[in-house]
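Peer 1: the following block contains a protein sequence and its predicted model.
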Amino acid sequence: MKRCGFNIEGATNPGPSRPPRPTASKSIKIGMRRGSEGLINFGQSLKTGVTRAVFSEDLKVSEKKIIDPQDKNLLVWNKFLVLSCILAVYVDPLFFYIPVYHDKERCLKIHKSLAHYITTVRTIVDLFYLIRIGLQFRTAYIAPSSRVFGRGELVIDPGQIARRYLQRYFIVDLLSVLPLPQVLLS
């Protein structure tokens, strides 16, 4: 009973085997220490010459055409792009219905009207996706080292934005835009 900290009268004081719980003031000090590490990282990033913006107003002052990731027009465009990608997912299986077998001639032919419709819709969706790729090269991003307080710092240097996009998502986006089904039908 003494090991558990209980006896017949009720709970007893914990023994020396348990470390004391941190008090509220101690946890605040720990939080302040972690927050100050973020401020130190912010200072180091300013010294390295990285072009960053803390607020979206800094983008308006910048002469470069950089888009804020929280811009309303960009968010509406992203929603529209998601709808066009859903449309592409529904259109792609229709390519399997283009080849048609004719009993009289005993050969495989292409259903021309369906082929024209499907390739047109798929090409339009691919054009929207190309516009999205172009927007990705000009959309600022939040620096991972600054995600300590609130929203963080926006990286507005076009070279860094392009380098990050090329290293992460560009190859997947490029492969998804290649017009392979359209070329096969031509």
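Peer 2: Looks like it came in fine.

Peer 1: just the pLDDT at residue 70, thanks.
Peer 2: The score at residue 70 is 86. That number is its pLDDT.

Peer 1: what about it, neighbour count?
Peer 2: Look at residue 70: counted by other CB atoms under 10 Å, it has 12 neighbours. Every residue, glycine included, has its C-beta placed from N, CA and C.

Peer 1: and residue 141, how far is that from residue 92?
Peer 2: According to CB to CB, to the nearest Å, residue 141 and residue 92 sit 30 Å apart.

Peer 1: what of residue 124?
Peer 2: Distance from residue 124 to residue 92, by CB to CB: 14 Å.

Peer 1: what ranges do the strands span in this structure?
Peer 2: 6-7, 10-11, 52-53, 99-102, 107-110, 141-142, 154-155 (DSSP state E).

Peer 1: of these, which shows the lowest average pLDDT?
Peer 2: When I compare the strands of the chain, strand 52-53 is least confident, with a mean of 50.

Peer 1: now do residue 83, the pLDDT please.
Peer 2: At residue 83, pLDDT is 93.

Peer 1: list the contacts for it?
Peer 2: Contact analysis of residue 83 by CB atoms under 8 Å, 6 or more residues apart in numbering lists nothing.

Peer 1: check contacts around residue 152.
Peer 2: Contacts of residue 152 (CB under 8 Å, 6+ apart): 142-143, 146.

Peer 1: ok, those vs residue 159, which is closest?
Peer 2: residue 143 (14.3 Å; CB to CB).

Peer 1: so that closest one touches residue 153, yeah?
Peer 2: Yes. Checked against CB atoms under 8 Å, the pair residue 143 and residue 153 is within contact range at 4.9 Å.

Peer 1: these two - which one has more neighbours?
Peer 2: The neighbour count for residue 143 versus residue 153, taken as other CB under 10 Å, is higher for residue 153 (24 against 17).

Peer 1: over to the more buried one: give its phi and psi.
Peer 2: phi -100, psi 140 (degrees, to the nearest 10).

Peer 1: show me where the protein has helices.
Peer 2: Using DSSP state H, the helices found in the chain span residues 24-47, 57-61, 72-91, 112-136, 158-168, 170-177, 180-185.

Peer 1: how about those helices, which one is nearest residue 98?
Peer 2: Sorting these by CB to CB, the top spot, which is the nearest, belongs to helix 112-136 at 4.9 Å.
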